[in-house]
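this is the structure alone, sequence omitted:
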């Protein structure tokens, strides 16, 4: 006669949400990395030997992917209890979580996304936050792999890579929600997301003289015509945005550097302009003074 041994799962004391969020004693943050609106965190059950500074940090108003790698967790949303064990993904909007219980061997990779960075409605957040998912394929597996890889990096990501990673997490989250709820992203939301990605790319790369509207369009995955229409809806053009960012960068350099540190020609080159004369004309047209006069005026203000 075969007998099956039943193992009772033991949970630690339930962590309860207070007006200040969850207590640092609720769990242990082994390590974390913040990349713009996205935070990655390795979280495990607390232990007596933990350092005082390794306490749990409440995610606040964040949409959280919890990739459970060991043990189990039960999240509570009022009277609703949502269990999630190893090999599964729990999705939560943290302000909705009233408490949670974890096993002593609990470990997870947490991807926390600032709620304000996600183009999700309240109804979508509510619908996606009441179930768990198997980590076998699709967006959950891809997100988990991306997060684990970035957490394992010894050197920090550069600003461009950091922004690209954060945007990829946001885009995959949006796509996953669409897949789960069997819907398409609202066209207006898609346009805002695309415009945001284009502006982010321009903000980081406009100072490169080779940055053009066609390059920006290629980087965000649309045609130049489509991108131009998006900017025109917003009262501008791609070229004007590139030009504006370059002038703003140049003005900042003029205000923060001395003539001996950077000449007008060097500032023009470092801001993406083809020549000092082209830069001077564009600057005077935008600000009503030549770069040299602007710098002299700033020096006078500083001296006063």
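Nice, I can see it. Keep in mind it's a predicted model, so treat the numbers as computed, not measured.

quick check: the gap between residue 173 and residue 29.
Applying C-beta to C-beta, to the nearest Å, one obtains 22 Å for the distance of residue 173 from residue 29. Yep, even glycine has a C-beta here, placed from its N, CA and C like the rest.

actually residue 158, sorry about that
Counting by C-beta to C-beta - residue 158 and residue 29 are separated by 24 Å.

could you do residue 162 as well?
From residue 162 to residue 29 the distance is 20 Å (C-beta to C-beta).

over to residue 210?
Distance of residue 210 to residue 29, computed by C-beta to C-beta: 42 Å.

contacts only, for residue 176.
By C-beta atoms under 8 Å, 6 or more residues apart in numbering, the contact list for residue 176 reads 138-140, 143.

for the residue nearest to residue 273 when sequence neighbours are not counted, give me phi and psi.
In space, and not counting its chain neighbours, residue 273 is closest to residue 279: 3.9 Å by C-beta to C-beta, 6 or more residues apart in numbering. Reported as degrees, to the nearest 10, the phi and psi values for residue 279 are phi -60, psi -50.

residues in contact with residue 279?
By C-beta under 8 Å, 6+ apart, the contact list for residue 279 reads 250, 264, 267-268, 271, 273, 291.

so what's the gap between the helix or strand where residue 113 lies and the chain middle?
Assigned by DSSP states H and E, residue 113 belongs to strand 107-114. Put simply, strand 107-114 sits 12 Å off its chain's centre (C-alpha atoms, centre = their mean, to the nearest Å).

returning to what we had before: if you count what's nearby, which of residue 158 and residue 29 comes out ahead?
Neighbours were counted for residue 158 and for residue 29 using other C-beta atoms under 10 Å; residue 29 has more, 17 against 10.

show me the beta-bridge partners of that one.
residue 43 (DSSP bridges).

tell me how far it lies from residue 282.
Per C-beta to C-beta, residue 29 is found 48 Å from residue 282.

just residue 47 next, same as before
Using C-beta to C-beta, residue 47 is found at 61 Å from residue 282.

what are the boundaries of the strands in this protein?
Using DSSP state E, the strands of the chain run over residues 15-16, 28-35, 38-44, 62-70, 72-77, 80-85, 88-93, 99-102, 107-114, 132-134.

mean confidence for the fourth one?
Throughout strand 62-70, pLDDT has a mean value of 94.

repeat that for the shortest one.
Mean pLDDT, strand 15-16: 94.

confirm for me that residue 147 is in contact with residue 113.
No: using C-beta atoms under 8 Å, residue 147 makes no contact with residue 113, being 11.2 Å away.

shared neighbours, the two?
By C-beta under 8 Å, 6+ apart, residue 147 and residue 113 have these common neighbours: 65, 169.

measure stretch 99-108 end to end?
Stretch 99-108 has its terminal residues 17 Å apart, counting by C-alpha to C-alpha, to the nearest Å.

now do it: distance to the chain's middle.
For stretch 99-108, the distance to the chain centre is 26 Å (C-alpha atoms, centre = their mean).

who does the closest residue to residue 84 other than its chain neighbours bridge with?
Closest residue to residue 84 apart from its sequence neighbours, by C-beta to C-beta, 6+ apart: residue 90 at 4.0 Å. Listed by DSSP bridges, the beta-bridge partners for residue 90 are residue 66, residue 132.

so residue 90 touches residue 72, yeah?
No: with contacts counted by C-beta under 8 Å, residue 90 stays clear of residue 72, the gap being 10.0 Å.

who's more crowded, these two?
A count of neighbours by other C-beta under 10 Å puts residue 90 above the other of residue 90 and residue 72, at 25 against 19.

quick one, what contacts the more buried one?
64-66, 68, 73, 75, 82, 84, 132.

per-residue pLDDT, it?
Looking at residue 90, the pLDDT reads 90.

what about it, distance to residue 271?
Separation of residue 90 from residue 271 (C-beta to C-beta) stands at 47 Å.

what's the neighbour count on the nearest residue to residue 81 once chain neighbours are set aside?
Nearest residue to residue 81 in three dimensions, chain neighbours excluded: residue 74, at 5.4 Å (C-beta to C-beta, 6+ apart). Residues lying near residue 74 (other C-beta under 10 Å) number 18.

and residue 74, what's its pLDDT?
On pLDDT, residue 74 comes in at 94.

partners of it in the sheet?
The partner residues for residue 74, given DSSP bridges, come to residue 83, residue 101.

for it, give me its contacts.
11, 81-84, 100-102.

one more pass at 10 Å, please.
Contact partners of residue 74, counting by C-beta atoms under 10 Å, 6 or more residues apart in numbering, are 9, 11, 14, 81-85, 90, 99-103.
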